[in-house]
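Undergrad: need coordinates for the below:
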Amino acid sequence: MTEQHRLIPITSASHGVDIDLVYATDRNLTGKAIYRTAHCLLLEPAEAGLRRAVEIARGMGTTLRIFDAYRPPQAQQVLWDFLPDPTYIADLTRGSNHSRGTAIDLTLVDANGEALDMGTWFDAMTIESEHFHPDLPQHVQRNRLLLLGVMHAAGFTHIKSEWWHYELPGSRALPLIDNSESGPFRLM
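TA: From the prediction side, this is the model:
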C-alpha cells in the first residue's frame, strides 16, 4: 500500500469518538457479522476531516459515533449480495467510497452518550432515511441538519439516500483499497 493510500486507525482514545462498528456484529441489515474484528480505518485525508468534525461536534456538546468507515471490497460484495439496490449499496462495478477509505457512517450522541434521534436506525434502507425526508418530526430534521452541518463544515459531502453516510468530495477518482487479507482486518 503506498503512502498515498495509507489507512489510519481510528480509536476512541486517539480521536475522541464513540465507535460502534455494526458490521462486526449481527446488528446490521444482513443480520450477521461481516467483519471478524472491529477495526475502524480511514484514508489520511478522510481521517484529517474526521478530526475537524470531532472538534466541531465537541463545540456543540456532542460526540460522533462511528458505525462504519473503511470497508474491504469483499465486505461490499457481501452487502451487495444481500441488497443489490444501488440506491443504498454501491455496485461493485463502481465500487464503494468506503472501499476507498474516504466514506464514514456516523451519528451524533449527546453528553450522556445517547444517540440523537435521527428518525431511523443506521442501515435502514428506506425512503425515510433520506436526508431531507419531509414526513419526519421537526426534532429529527433538526438533528439530521446538525450532523449535516458538522460534516459539511469538516469537508465531507453527503448522499441523498442515507442520513448517516458522508464522504470526501472527488472520492471516485481514487482506487479501491483491498486490505481484507493483510493486517488486522479480516472478513467473516
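Undergrad: which residues of the protein score low on pLDDT?
TA: Counting by pLDDT under 70, the chain shows low-confidence ranges at 1-5, 180-188.
Undergrad: where exactly do the helices run in it?
TA: Taking DSSP state H as the test, the helices found in the chain are 12-15, 44-59, 73-82, 138-153.
Undergrad: redo these as TSV? Include distance to Thr107 and mean neighbour count.
TA: For every residue, glycine as well, the C-beta is placed using N, CA and C. Shown next, in TSV, are those (distance: least, CB to CB, whole Å; neighbours: other CB atoms under 10 Å):
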stretch	distance to Thr107	mean neighbour count
helix 12-15	15	12
helix 44-59	10	18
helix 73-82	19	17
helix 138-153	7	17
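Undergrad: strands along the protein, start to end?
TA: Secondary structure of the chain by DSSP state E: the strands cover 7-9, 18-19, 41-43, 63-68, 103-109, 157-158, 165-167.
Undergrad: and the helices of the chain as CSV, adding distance to Asp117?
TA: CSV is the format used below for the helices of the chain (distance: least, CB to CB, whole Å):
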stretch, distance to Asp117
helix 12-15, 23
helix 44-59, 16
helix 73-82, 25
helix 138-153, 6
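Undergrad: since that was my last question, I'll sign off now.
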